[in-house]
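Colleague: need a structure here:
(one chain, ligands or ions: 1)
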Amino acid sequence: MSNASKCLEWKRQEVTHRPVEERIRDFFEIEVPLPEPDLIRQAGRCMDCGVPFCHGSGCPLGNLIPDMNDSLSKSKWRTACDILHSTNNFPEITGRICPALCEAACTRTVNDEPVLIRHIECQIAERGFAENWIGPLRPAKMTGKRVAVIGSGPAGLAMAQQLARSGHEVTVFEKDDGVGGLLRYGIPAFKLDKRILDRRLRQLMAEGVQFVTGITVGKDISCRYLRNSFDATCVTIGAEIPSDLRISGRHLDNVLFATDYLKQQVNAPLEAGKYPGRTISVKDKTVVVIGGGDTGSDCVGTARRQGAKEIYQFEILPQPSNGSQTVSRWPLWSATGRASSSHQEGCTRRWCVSTKGLSGIENRVVELHGVEVEWNDGSNGRQMREIPGTEFTMKVDVVLLAMGFAHVAQDGLVGQFGLDLDERGNVKVDDAFLTSRPGVFAAGDSILGASLVAKAIYSGRQAAANMDHYLMHL
Ligand SMILES: Cc1cc2nc3c(=O)[nH]c(=O)nc-3n(C[C@H](O)[C@H](O)[C@H](O)COP(=O)(O)OP(=O)(O)OC[C@H]3O[C@@H](n4cnc5c(N)ncnc54)[C@H](O)[C@@H]3O)c2cc1C
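Modeller: Just a heads-up that it's a prediction; the model follows:
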């Protein structure tokens, strides 16, 4: 803490966004970084509270947040950058898109606004790149062990980087054309510019990580091949199976899962024309997003940038009240005063709406049939009831289903490896991140279910440490 007397006086300064009218014309990032003196003052708001919940229970990665803030408040950028990288492989990414559970846990929230932790993290990492402090970290010697990582999302990337730095030869197999999992093909570019991801990937490649893209393990190459060719394998394939809506008309054209829509839009600004015929445009269309969470808001922001005529977002649950404990927690904060940036760009949001059916002409969706619902406490918990007389029908051109994810894809490699599943249908691991098959580890959403980037990175790091131990005792 550089200035104990002032730290309580300084107010939180929010990160500003580019004006709506400007940003909806492009897909570039919307945040405007705080100037350096302001940022250092924000770091100085950290009051060295003694029991740092931000680090201990907030941040999934256990980032050393008070130490980071302390260094930055004294303008020790390099030290802050090193502290950050000691627990987090990709702080420039979490610094952009993390819901910042650390800020919800910050002691200052007891009677004030939290420290601006997420943005501080982002700027420290950016300074690290600008100053060339973030280069490849090569191992002193190689171990001669070969490792396969299946899936290149944040869990797989963190795992691969940690293992390469431990001296193992790492190959990452990825079924998509590009590396990054949902960092590339889910999270929109206006939240995470894909050049940020590519910059970090160059570091991994320089550290010796090899990427093989366009290969689906379990289809293009077998699990048996991996078992014979590598000393250990890690499954980091995400939780790809989206929750579906079983209603009449679900089969109609233009009724899409959110991820299928986002996947084909996310690189639009930078990769125009690279994937001809794969772009779904909602220009001049009426779009309904079903699901009130963060994936839904990403669809709203993307549809707005594509020039949709009207955008609606329906949530079946009630709008959290301002007094609710859940209000400050992501993803529900956007349900109240803290609308997400995408909602600020224009969208009609409705809560307590159930979609009952869809109808179409020549297999194209044209109408949505819905009803308002209410939720009441009953003997078996909260019960939903349709409100008679509130049925409605509206014109629609595109319906995007953003209702969360069920579990990991269970056919393909999970079946081929014969991996046990947990009660939620995800890959079951023990405390050492080992699956039911010897030498096969798993991490990320494939074991957690749909989660967060920071949690995926953390489990990738933990799984890597356990796999390293396993390899060195073979
Ligand atoms: C639209 C959307 C927006 C999100 N926004 C945020 C956000 O703002 N902040 C946040 O913290 N979290 C966000 N999340 C959640 C976050 O992206 C995930 O929790 C995280 O990416 C999980 O990482 P992962 O590495 O486990 O899996 P994934 O990122 O899903 O990566 C899994 C990879 O495995 C590959 N794969 C699957 N099967 C095979 C196979 N058989 N062979 C080879 N490769 C295979 C997939 O193609 C994919 O690349 C968002 C999620 C979505 C869907």
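
Colleague: buried residues in stretch 129-148?
Modeller: Residues of stretch 129-148 classed as buried by neighbour count (16 or more other Cβ atoms under 10 Å): 129, 134, 143, 145, 147-148. The C-beta positions use only the backbone N, C-alpha and C, and glycine is treated the same way.

Colleague: and the two most separated of the residues you listed?
Modeller: Farthest-apart pair in these is 129 and 145; separation 30.5 Å (Cβ to Cβ).

Colleague: grab the longest strand from the chain for me.
Modeller: Taking DSSP state E as the criterion, the chain has its longest strand at strand 364-378.

Colleague: give me the helices and strands touching the next helix or strand after that one, please.
Modeller: Heading C-terminal from strand 364-378, the first helix or strand you meet, by DSSP states H and E, is strand 381-386. Under the contact definition 3 or more Cβ pairs under 8 Å, 6 or more residues apart in numbering; DSSP states H and E, strand 381-386 sits against strand 364-378.

Colleague: tilt between the strand it packs on and strand 381-386?
Modeller: Here the directions of strand 364-378 and strand 381-386 differ by 140 degrees (axes from the mean of the first three to the mean of the last three Cα atoms, to 10 degrees).

Colleague: could you dump strand 364-378 to PDB, C-alpha only?
Modeller: The C-alpha trace of strand 364-378 is given here as PDB (Å, rounded to 0.1, in the frame of the first residue of the first chain):
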ATOM      1  CA  ARG A 364     -38.300 -21.300 -42.100                       C
ATOM      2  CA  VAL A 365     -39.200 -20.000 -38.600                       C
ATOM      3  CA  VAL A 366     -41.600 -17.000 -38.800                       C
ATOM      4  CA  GLU A 367     -43.500 -17.000 -35.400                       C
ATOM      5  CA  LEU A 368     -42.700 -17.500 -31.800                       C
ATOM      6  CA  HIS A 369     -45.400 -18.500 -29.300                       C
ATOM      7  CA  GLY A 370     -44.800 -17.600 -25.700                       C
ATOM      8  CA  VAL A 371     -46.500 -17.100 -22.400                       C
ATOM      9  CA  GLU A 372     -45.700 -15.200 -19.200                       C
ATOM     10  CA  VAL A 373     -45.000 -17.300 -16.100                       C
ATOM     11  CA  GLU A 374     -44.700 -16.700 -12.400                       C
ATOM     12  CA  TRP A 375     -42.600 -18.400  -9.800                       C
ATOM     13  CA  ASN A 376     -43.900 -19.300  -6.300                       C
ATOM     14  CA  ASP A 377     -42.400 -21.200  -3.400                       C
ATOM     15  CA  GLY A 378     -44.000 -24.600  -3.100                       C
END
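
Colleague: let the chain start at 38 from now.
Modeller: I'll keep to 38 as the first residue from here, and by that count the last item is strand 401-415.

Colleague: neighbouring contacts of it?
Modeller: For strand 401-415, the external contacting residues (Cβ atoms under 8 Å, 6 or more residues apart in numbering) are 286, 289-292, 325, 351, 353-355, 389-397, 419-424, 427-436.

Colleague: list only buried entries from the residues you listed.
Modeller: Neighbour-count burial (16+ other Cβ under 10 Å) applied to those gives 286, 289, 291-292, 325, 351, 353-354, 389-393, 395, 397, 433-436.

Colleague: filtering the contacts of strand 401-415 by proximity to the ligand, which remain?
Modeller: Restricting these to those touching the ligand (Cβ under 6 Å from any ligand atom) yields no residues.
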